[in-house]
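Trainee: Quick check, what structure comes out for this input:
(3 chains)
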Amino acid sequence: MGVRDTVNRGRIVAIERPDVFLVWVLGAALVVDLLWGLATGGIAFSTLASNVWDGIMRGLVIGLAGIGLSMTYSILNFANFAHGDYITAGAFAGWSVTYLITGFGEYDLGALVLVGPKSNVTGTIIGIGVVSTPLAVLAGLLVAGAATIALALLVDRYVYRPLRDEGGITLLITSIGVAFALRYLIAFVFDSSTRTTAGTTGNPAVRLNFVDGTVRVSSHDVTLVVVSVGLMLGVHYLLQRTKLGKAMRAMADNEDLARVTGIPTERVVRSTWIIGGGLTGFAGFMLVLWKETIRFNDGWLLLLLIFAAVIMGGIGSIYGAIAGGLIIGIVASTSVIWVPSGLTEATAFLVMILVLLFRPEGIFSGRSTA
Amino acid sequence: MSGEPSVTDKFETTPDWQIVAVVMGIIYLAYIVSGFLIGFPLRGQINAIGNLTFYVAVFAMLSLALNLHWGYTGLFNIGVVAFMAIGVYTMAVLVKQPLSQDPTAQIGGLGLPIPVGMAAGVVVATVFGLIVSLPALRLRADYLAIVTIAFSEIMRFTFLETSIKTFTLFGTETGLGGGSGLVFNVPAPIDWLTSALYVRGPYLDFVGWFGTTLGIGNPKAVVDNLVYSIILVLVVVAFYWLLQRIGRSPFGRVLKAIREDEDVARALGKDTDWFKMQSFMVGCGLMGLVGVLWMYDQGAINPNNFRPRLTFYAWIALIIGGAGSNTGSVLGGAIFAALLFQGPVYAKNLVTTAVGSGSAPQTFAGAVAPLGNLDPGPFAYYVLGNINQLQIVFMGVVLIWLMHNRPEGLLGHRSEEAAAVDLTDRPVVSDGGEVDE
Amino acid sequence: MSETAESDAAGDAESPSVAGLGGGSPDMAEYPLQVEDLRKQFGGITAVDGVSFEIEAGTMTGLIGPNGAGKSTTFNCITGMYDPDGGTVTFNGEDVTGMDPHDIAQRGLVRTFQIARELSDMTVLENMMLAPKGQRGERLWQSVLPGTRDRVIEQETELVEQVWDALEFFDIDHLASERAGNLSGGQRKLLELARAMLTDPDMLLLDEPFAGVNPTLEARLLEHVHELRKQGYTFLIVEHDMDLIMNNCERVIVMHQGKLLTDGTPEEVRSDEEVIEAYLGGQA
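Mentor: I've put the predicted structure just below:
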């Protein structure tokens, strides 16, 4: 496949250079427009900074969840459409614990475990926040990771493993089934309403002065930055320094080769789910902590943005996933300068489609992804 | 090879049409019998059959259109719903009455005749198919999947967008309605059709006769529903005819070859990009038509009718029936509609009619807690109350099961030979070159 | 049986023709295929490095070389699967460099694949019927509209006969209704050759047509190729098996590390010092 892809790529660039050119011109025009707006005061520096900050927050979540998707995409060779619902599953598992620890004894047990469905047991009322209840948040985060790992392994064992030798499309279709089952099972158990998980009481914020205004930075923003950067560094260490990491990278590059050279692939696959699932669960918990609401389709709604990030960064590359996540997050958040706010996600999807058309191998790496 | 042939063997040798007939018979019988057992009034019974037929037809159509993309050409389109939406939105904007004529409407239209709107819906869906296919068909299957689903979400966000809720087109104020959607302030399908065919009077007489004969009060809604469903069944027949003709032709043969190995088709001199584009456009046009026929009957459209979920429904239907087989597509559409789409709701209605709706607990916790006291009642009521969610869980499980146990679906493994002539036997050629058909 | 095609090729006038819809034997320039200074790079690796050769009409030429010599890449560049980075490919006097594979195939330069790529879920008959050029029914509207469909059926009926003749010629008529995926390796190679012939080509590029074929089938395949060559078809064959090429080709082209090493008769190549060193050395 690799060679043919390269050829197709070559052909696309060769034949459609005018299109590529057009995309660059459009991009340049937007940059010029942005600079012009900033220079003339049409766009406030602080507004732009707020948008970018918001985009970075989104991007960190997307990147964190994207690492897992990227790893399974390259090692198992299929686009896992259930990945978004792993995020949701992790979030609910984690927040269930956070609610339980915070409100134990004071509130109805069932309401706490189910993250306050149809009741006034909300995060705001029971006073959740990284400052007010740091231990409950930490415990929830860890449980989110652990639960998602368990879920990913369970699903792999009973759903994906029997199909290991089938093509990527069979697995993709199967993962759509998993996504459906999981999402609506969560809705069935935890209810389909939107809940508020944290409020300003537990989440103090500061307004930083920036040129012509202020940028709001909350304690949950800071937590998100610390947790995700820490996790990303951890993964980096794992992949670069450990034997397991080397095996995983080898398998991402060429599964057959890895098999021939004797890397026990099922073990590598399991490790992939463990690392990817863990990060995904953390991402789910952090997403909810940051945006302060939870709903059964949170992960699904994020999935396409994660795909966008992963493809942009080059499938199989964890650094690409992180960078892609940040770009997609920032694109979505800053696009409000030009497009109506209802179309910010659409803009991010459009960017993804353009990347797929013009640089399907990702914008950072030149290596084959198939 | 001894003893009685097993059920599977029997199934493998039964002709397709017999399987379809038997399955349809079982479905309808099951609906009718359970309706009687519970004591549905005749009106409800007829209405249930009408609804069932409606969904059997639309899912058969969707499945057939998708089969052209995936079963024949191997194009992994998971943006089906976008083309349905494009079709029906186009129609709505064109046929809705202008504000000058219906000032009470939120959004005006161009007031064009309904057939024009329908045709335009199909054409615009086809054109969007072309636009998407131009760049996308060079992509690998999984990338095409991501592009098409992203496209369908882009379209949904666009329809939701408030800034184009209203706009001016050819000097007439119209729009896409944003989150509140569009209402068809034109006659309902059957009303329009009977007037257009100048049979309004006889039709109303028939409805009256039908009502008095069977003792049904206010029969029009029920009869309209049933008649429209039957019309849709005829459209399914037309879809099937068209797709069989496409499939059983040199054109279909090239599509099949592209699905199997595009490089080979190209090495044999086939311009595969062009074939894929045509296949994609025709399929998208048909999906647009399904959108028109489905949603026009609902009387109103809303962007959130067009969530990716609907695309996956079409996929499940196709996979049940068997990708690659048009007969299988119809069968899959019928089974999906009867068992997975309408079935759980119907079953819920049956059960609630039988045992009453009870007081369902508000939350899962409220449902589970009484289980400790060996009281399954609340849990059962909770299940009934949330059947819509469990139904989708069930669909997901069915999809997983199929991919594990029967990825080729019910009829997908049967070869439908892609040729305009029968290939089963060598033509007996006399010296005159005569060939038996 | 309609024996429409006249075998007017040099030599054997008795052999049955398997030409496609057009019928008849190829009519070609003296040197149908001319490759000049062909170059192809992948990343930093030069796979084909300035290769030039001409193929004479009605001959069978072998292209050999050790693994990684660039034979397959050369093939893919000639047939449009890859876009060459430099050089030209001329077929029947027309520059076909960088054309799409289907355009090149349409012009009569048809290839087979190293690993036989049968369309496994289609029957042998379907496989064969796909190949002929100029099928009316490949136009969507012609296949669908009532008036035109009759003519499509007419053409299909003719086609079926032709396909059966070809199947007979290649001794695979007993497999006609078999799914191509169920064929043995050798039968697939036969099917691929038969299918390529039905496109009515002027010249055939066979990529390792004998790899993985048992000796009996190999002999049969060779027989067919020789017969077709006598009818006037031109062959360029990439092959691993040295002896096979030496015994059957009039001319042998040797590639090594992306470059052309030698080009001559089997005798000349056999005695070439460089070839012996680069290719035969280890084995001899």
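Trainee: Can you list phi and psi of residue C:205 for me?
Mentor: For residue C:205, the backbone dihedrals (degrees, to the nearest 10) come out as phi -110, psi 110.
Trainee: go on, the one 5 residues further on?
Mentor: In this entry, residue C:210 is assigned phi and psi values of phi -110, psi 0 (degrees, to the nearest 10).
Trainee: what residues are up against residue B:423?
Mentor: Contacts for residue B:423 (CB atoms under 8 Å, 6 or more residues apart in numbering or on different chains) come out as B:417, C:123, C:125-126, C:129, C:160, C:176-177. For every residue, glycine as well, the C-beta is placed using N, CA and C.
Trainee: Quick one, which of those residues are buried?
Mentor: For these, a neighbour count by 16 or more other CB atoms under 10 Å in any protein chain shown gives the buried set as B:417, C:123, C:125-126, C:129, C:160, C:176.
Trainee: can you list these in CSV and add pLDDT, secondary structure and distance to chain A?
Mentor: Supplementary listing: the buried ones among the contacts of residue B:423 in CSV, determined by pLDDT from 0 to 100; DSSP: H, G, I helix; E, B strand; the rest coil; distance: CB to the nearest CB, whole Å:
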residue, pLDDT, secondary structure, distance to chain A
B:417, 80, coil, 24
C:123, 91, strand, 22
C:125, 92, helix, 26
C:126, 92, helix, 22
C:129, 94, helix, 26
C:160, 92, helix, 33
C:176, 90, coil, 29
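Trainee: Quick check: the residue of chain B nearest chain A.
Mentor: In chain B, the residue that lies nearest chain A is residue B:365 (2.5 Å; CB to the nearest CB).
Trainee: give me the low-pLDDT residue ranges for chain C?
Mentor: Residue ranges of chain C with pLDDT under 70: C:1-29, C:278-284.
Trainee: Please enumerate the helices of it.
Mentor: With helices called from DSSP state H, chain C shows them at C:71-78, C:101-106, C:124-130, C:140-144, C:146-169, C:185-198, C:215-230, C:242-248, C:266-271, C:273-275.
Trainee: Next: the stretch 251-370 of chain A.
Mentor: Taking DSSP state H, counting those that start in this stretch, the helices of the stretch 251-370 of chain A run over residues A:255-260, A:265-291, A:298-313, A:318-334, A:344-358.
Trainee: would JSON lines of those with mean pLDDT and mean neighbour count be doable?
Mentor: Output for the helices of the stretch 251-370 of chain A, formatted as JSON lines (pLDDT from 0 to 100; neighbours: other CB atoms under 10 Å in any protein chain shown):
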{"stretch": "helix A:255-260", "mean pLDDT": "66", "mean neighbour count": "13"}
{"stretch": "helix A:265-291", "mean pLDDT": "93", "mean neighbour count": "24"}
{"stretch": "helix A:298-313", "mean pLDDT": "91", "mean neighbour count": "27"}
{"stretch": "helix A:318-334", "mean pLDDT": "92", "mean neighbour count": "25"}
{"stretch": "helix A:344-358", "mean pLDDT": "86", "mean neighbour count": "21"}
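Trainee: Out of these, the one nearest chain B is which?
Mentor: Chain B lies closest, by CB to the nearest CB, to one member of the helices of the stretch 251-370 of chain A: helix A:344-358, at 4.1 Å.
Trainee: quick check: angle from the closest one to helix A:318-334?
Mentor: With axes from the mean of the first three to the mean of the last three CA atoms, to 10 degrees defining the directions, helix A:344-358 sits at 140 degrees from helix A:318-334.
Trainee: Is helix A:344-358 positioned near chain B?
Mentor: Yes. Helix A:344-358 reaches chain B (CB under 8 Å from any CB of the partner chain) through A:345-346, A:349-350, A:352-353, A:356-357.
Trainee: Residues of chain C that sit close to chain A?
Mentor: By the rule CB under 8 Å from any CB, the part of chain C lying against chain A is C:42-43, C:81-83.
Trainee: Please, a ChimeraX command that selects the buried ones among the residues you listed?
Mentor: Here the buried members of those are turned into a ChimeraX selection, burial being counted by 16+ other CB under 10 Å:
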select /C:42,81,82,83
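Trainee: In strands only, show me the residues of chain C next to chain A.
Mentor: Using DSSP state E, the members of the residues of chain C next to chain A that fall in strands are residue C:42.
Trainee: Find the pair from the residues of chain C next to chain A with maximum spatial separation.
Mentor: Greatest spatial distance in the residues of chain C next to chain A: C:43 and C:81, 17.7 Å, computed using CB to CB.
Trainee: re the thing from before, of the residues of chain C next to chain A, closest to residue C:75?
Mentor: Of all the residues of chain C next to chain A, residue C:75 sits closest to residue C:81, with 7.9 Å by CB to CB.
Trainee: doesn't residue C:101 make contact with that closest one?
Mentor: Yes. With contact defined as CB atoms under 8 Å, residue C:81 counts as touching residue C:101 (5.6 Å).
Trainee: Now do the shared contacts for these two.
Mentor: B:263, B:267.
Trainee: Can you report phi and psi for the residue lying closest to residue B:217 once chain neighbours are set aside?
Mentor: Counting by CB to CB, 6 or more residues apart in numbering or on different chains, residue B:217 lies nearest to residue B:211, which is 7.0 Å off, once chain neighbours are set aside. Per-residue torsions, residue B:211: phi -60, psi -50 (degrees, to the nearest 10).
Trainee: burial measure for residue B:211, as a count.
Mentor: As a burial measure, residue B:211 scores 17 neighbours (other CB atoms under 10 Å in any protein chain shown).
Trainee: contacting residues for it?
Mentor: For residue B:211, the contact set (CB under 8 Å, 6+ apart) comprises B:217-220, B:223.
Trainee: Output those as JSON lines; include the columns distance to residue C:233, secondary structure and pLDDT.
Mentor: Formatted as JSON lines, the contacts of residue B:211 follow (distance: CB to CB, whole Å; DSSP: H, G, I helix; E, B strand; the rest coil; pLDDT from 0 to 100):
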{"residue": "B:217", "distance to residue C:233": "81", "secondary structure": "coil", "pLDDT": "83"}
{"residue": "B:218", "distance to residue C:233": "78", "secondary structure": "coil", "pLDDT": "85"}
{"residue": "B:219", "distance to residue C:233": "74", "secondary structure": "coil", "pLDDT": "90"}
{"residue": "B:220", "distance to residue C:233": "73", "secondary structure": "helix", "pLDDT": "92"}
{"residue": "B:223", "distance to residue C:233": "69", "secondary structure": "helix", "pLDDT": "94"}
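Trainee: Quickly name whichever of those residues is closest to residue C:90.
Mentor: Nearest to residue C:90, judged by CB to CB, of the contacts of residue B:211 is residue B:223 at 72.2 Å.
Trainee: And that closest one, how far from residue B:203?
Mentor: As judged by CB to CB, to the nearest Å, residue B:223 and residue B:203 stand 9 Å apart.
Trainee: thinking again about what came up before, go through the residues of helix A:344-358 next to chain B and name the one nearest chain C.
Mentor: Minimum distance to chain C across those is 18.2 Å, recorded for residue A:357 (CB to the nearest CB).
Trainee: I'd guessed the closest one sits against residue B:134; true?
Mentor: No. Using CB under 8 Å, residue A:357 makes no contact with residue B:134, being 9.8 Å away.
Trainee: Would you check how far apart the residue of chain C found nearest chain A and residue C:116 are?
Mentor: Closest residue of chain C to chain A, CB to the nearest CB: residue C:82 (5.1 Å). Per CB to CB, residue C:82 is found 20 Å from residue C:116.
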